[in-house]
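In: from the sequence below, what's the structure:
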Amino acid sequence: MKNRFTFKTLCIAFAMLLITQISAAKDFDVRDFGAKADGVSLDTEAVQNAINAATQNGGGKVIIPSGKIVLSGTIYMKDFVTLHIENGGTLLASPDYKDYPNNTHKNMYKNEPHMDRCFIYAEDAKSFAFEGYGIIDGNGYMKNFTRKKGGRPMLMRFKNCDKIHMRDITILNPAAWVSAWLYCNEIVVDGIKIRSRVNGNGDGLDFDGCTNVRVSNSSFDTSDDSICLQASMQDKPCKDVVITNCIFESKWAGMRIGLLSRGDFESVTVTNCTFKNIKDSGLKIQLNEGGTMKNMVFSNLVMKNVPRPVFMTFAQQKACVDAPEEMYSMKEMKNFTFQNIIADNTELDKNSAFFLTGMPGHNIQNIIIKDVQFFVSGGGTKEDSKKSIKEYTVETLEGWWPEFHLVGTLPASGVYLRHMENVLVDNFQLTVVDADARKPFVLDDVSNSNISNCYLNGKKIK
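Out: All right, here's what the predicted structure looks like:
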């Protein structure tokens with residue numbers, strides 16, 4: 001009898017534990033907190049109350065229901081909350097700038113305070129997530145948001161947060177950037193779709209001083225850089241980043257590393273990605289604010305209509321809103337591998353090349369460019385072949401970023417390398433459609449280089 005009583009007691013205790021766990025995992029439908037979910041009524045308070053209730057419960061899902069449009073101003077994510085947007089459901093940002101308060105930190109780029117506010121914000125939060133097959137719509141059309149109308153809020157900003165997941169959602173129409181992740185750790189983004197074309201500066205995912213970042217199986221169609229890695233604080237490095245199985249389309253760069261570069265960058269891999277219809281560059285890698293940048297691999301990439309598959313600069317310029325008065329010193333930029341790349345630019349003009357440059361006395365070090373097929377239209381003239389291009393100095397940058405238009409047409413039809421050391425180019429096959437008077441490869445102030453197994457229109461270059 002005693003044993004039976006003990007077993008019964010254990011069963012009851014186990015059942016109570018299950019009930020407690022099920023209760024703790026409660027869903028929080030925003031309609032239960034007063035949301036009209038009609039796409040017209042402002043439901044900010046209801047959504048925030050659902051988030052607050054979920055975190056107070058110890059965690060749970062806040063539900064944006066299918067077939068409904070929930071209109072909201074700024075909301076604040078909290079610990080252990082999952083914002084679940086059901087298939088067919090939409091979380092829609094308010095078109096009124098007044099619905100975005102000014103307590104959501106700031107944009108870290110200089111001269112751009114019009115992007116300080118944001119739609120979804122989190123600070124010092126842990127273990128929160130966004131999931132579901134529904135839509136987050138920034139409603140960022142120019143009829144709603146411009147500088148003259150007060151500003152253009154970012155869609156998301158997270159500061160000093162840990163363990164963030166984002167899966168399967170579609171993100172549309174931000175008024176500015178889709179996201180700024182500031183000094184966050186343990187980030188997983190998987191299977192999302194971003195389309196940001198209705199306003200300017202529509203960056204996709206911007207990771208600033210973040211660590212342990214994984215982005216995979218996602219697609220981007222952006223009006224500015226699709227993914228950015230940045231480091232706006234000297235003591236907050238950007239490191240341990242993996243990006244794989246993604247598709248990039250952009251009016252500017254597919255992926256940018258740098259500009260905001262007061263801190264260090266290290267240990268980045270980008271693999272198995274495609275880039276198409278990029279206006280500026282596929283991989284735009286720029287160190288200019290006194291940090292260091294090293295140990296990165298870019299492999300198994302296919303590009304179509306991407307003028308500069310790789311555009312790398314080591315220069316001096318201020319980009320951060322908190323930049324000091326004095327110009328930054330230059331440290332080091334080294335250890336990069338670019339391998340297994342196919343780039344087809346035959347539909348573009350002659351300004352198509354791999355372009356990597358340091359500055360006099362400040363070389364980029366230890367570069368491998370290997371197993372590349374590069375197809376270009378050609379058309380370079382004799383005058384182009386004799387051109388001496390400008391250095392990236394404080395004077396030539398004119399207070400802005402190191403952009404290609406400041407240099408212009410290169411004296412090389414395929415690869416231009418300048419101010420570098422320890423360079424290996426191997427198995428590079430360049431195909432030029434029309435006659436081009438420029439050399440296929442130009443090395444300017446490059447020491448300890450090894451150029452081997454390179455071909456121009458199928459003929460080995462000696």
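
In: tell me the buried residues in the top strand by length along the chain?
Out: Ranked by number of residues, the top strand in the chain under DSSP state E is strand 412-432. Buried positions in strand 412-432, judged by neighbour count with 16 or more other CB atoms under 10 Å: 412-423, 425, 428-432. For the C-beta atoms, the positions are set from N, CA and C on the backbone; glycine is no exception.

In: show me what it is packed up against.
Out: strand 354-357, strand 364-376, strand 439-456 (3 or more CB pairs under 8 Å, 6 or more residues apart in numbering; DSSP states H and E).

In: the last one versus strand 412-432: what angle between them?
Out: Strand 439-456 and strand 412-432 meet at an angle of 30 degrees, taking axes from the mean of the first three to the mean of the last three CA atoms, to 10 degrees as the criterion.

In: kindly export strand 439-456 (C-alpha atoms) in PDB.
Out: This file holds the C-alpha atoms of strand 439-456, laid out as PDB (Å, rounded to 0.1, in the frame of the first residue of the first chain):
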ATOM      1  CA  LYS A 439      46.300  45.000 -69.200                       C
ATOM      2  CA  PRO A 440      44.300  42.200 -67.600                       C
ATOM      3  CA  PHE A 441      46.200  42.500 -64.300                       C
ATOM      4  CA  VAL A 442      47.800  45.600 -62.900                       C
ATOM      5  CA  LEU A 443      49.900  45.500 -59.700                       C
ATOM      6  CA  ASP A 444      51.000  48.900 -58.300                       C
ATOM      7  CA  ASP A 445      53.300  48.900 -55.300                       C
ATOM      8  CA  VAL A 446      52.700  45.200 -54.600                       C
ATOM      9  CA  SER A 447      55.500  43.300 -53.000                       C
ATOM     10  CA  ASN A 448      56.000  39.500 -52.800                       C
ATOM     11  CA  SER A 449      53.400  38.600 -55.300                       C
ATOM     12  CA  ASN A 450      52.800  35.300 -57.100                       C
ATOM     13  CA  ILE A 451      50.600  35.400 -60.200                       C
ATOM     14  CA  SER A 452      50.200  32.000 -61.700                       C
ATOM     15  CA  ASN A 453      47.900  30.000 -64.000                       C
ATOM     16  CA  CYS A 454      46.100  33.000 -65.200                       C
ATOM     17  CA  TYR A 455      44.300  33.200 -68.500                       C
ATOM     18  CA  LEU A 456      43.000  35.900 -70.900                       C
END
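
In: low-scoring stretches of the stretch 51-200 of the chain, by residue?
Out: For the stretch 51-200 of the chain, no stretch has pLDDT under 70.

In: quick one: the strands in it?
Out: Assigned by DSSP state E, counting those that start in this stretch, the stretch 51-200 of the chain shows strands spanning 60-64, 69-72, 75-76, 81-85, 90-93, 118-123, 126-131, 135-137, 154-159, 162-167, 170-172, 179-182, 185-190, 193-196.

In: among the ones you listed, which is nearest residue 103?
Out: Proximity to residue 103 (CB to CB) singles out strand 118-123 among the strands of the stretch 51-200 of the chain, at 8.1 Å.

In: show me what counts as buried in that closest one.
Out: 118-122.

In: quick one, helices of the stretch 1-150 of the chain?
Out: Secondary structure of the stretch 1-150 of the chain (DSSP state H, counting those that start in this stretch): helices located at 2-24, 44-56.

In: what about the last one, distance to the chain center?
Out: Helix 44-56 has its C-alpha centroid displaced from the chain centroid by 29 Å (CA atoms, centre = their mean, to the nearest Å).

In: taking strand 118-123 as reference, get the angle to it.
Out: 20 degrees.

In: just list what helix 44-56 packs against, helices and strands only.
Out: Using 3+ CB pairs under 8 Å, 6+ apart, helix 44-56 is in contact with strand 27-29, strand 60-64, strand 69-72, strand 75-76, strand 81-85.

In: distance of residue 319 relative to residue 286?
Out: Here residue 319 is placed at a distance of 9 Å from residue 286 (CB to CB, to the nearest Å).

In: what residues are shared contacts of these two?
Out: Common contacts of residue 319 and residue 286 (CB atoms under 8 Å, 6 or more residues apart in numbering): 259, 261, 401.

In: and the residue nearest the centre of the protein?
Out: When CA atoms, centre = their mean is applied to the chain, the residue found nearest the centroid is residue 227 (1.6 Å).

In: need the pLDDT of it.
Out: Here, the pLDDT recorded for residue 227 equals 98.

In: any idea how far it lies from residue 170?
Out: Taking CB to CB, one finds residue 227 at 17 Å from residue 170.

In: repeat that for residue 254.
Out: Taken as CB to CB, the span from residue 254 to residue 170 is 19 Å.

In: neighbour count for those two, which is higher?
Out: A direct count of neighbours by other CB atoms under 10 Å for residue 254 and residue 170 places residue 254 higher, at 31 against 17.

In: what is the subsequent helix or strand relative to the helix or strand where that one lies?
Out: Residue 254 is part of strand 253-261, with elements assigned from DSSP states H and E. Using DSSP H and E, the helix or strand that follows strand 253-261 towards the C-terminus is strand 265-276.

In: and that next one, what does it pack against?
Out: Using 3+ CB pairs under 8 Å, 6+ apart, the elements in contact with strand 265-276 are strand 227-231, strand 238-244, strand 247-250, strand 253-261, strand 281-287, strand 293-304.

In: pull the CA atoms of the last one into CSV?
Out: The C-alpha trace of strand 293-304 is given here as CSV (Å, rounded to 0.1, in the frame of the first residue of the first chain):
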residue,chain,number,x,y,z
MET,A,293,40.6,43.7,-39.9
LYS,A,294,41.8,40.1,-40.4
ASN,A,295,41.1,36.4,-41.0
MET,A,296,38.2,36.3,-43.5
VAL,A,297,37.2,33.7,-46.2
PHE,A,298,34.8,34.3,-49.1
SER,A,299,34.1,31.2,-51.1
ASN,A,300,31.7,29.5,-53.5
LEU,A,301,30.1,32.7,-54.8
VAL,A,302,28.3,33.4,-58.0
MET,A,303,27.7,37.0,-59.2
LYS,A,304,25.8,38.4,-62.2
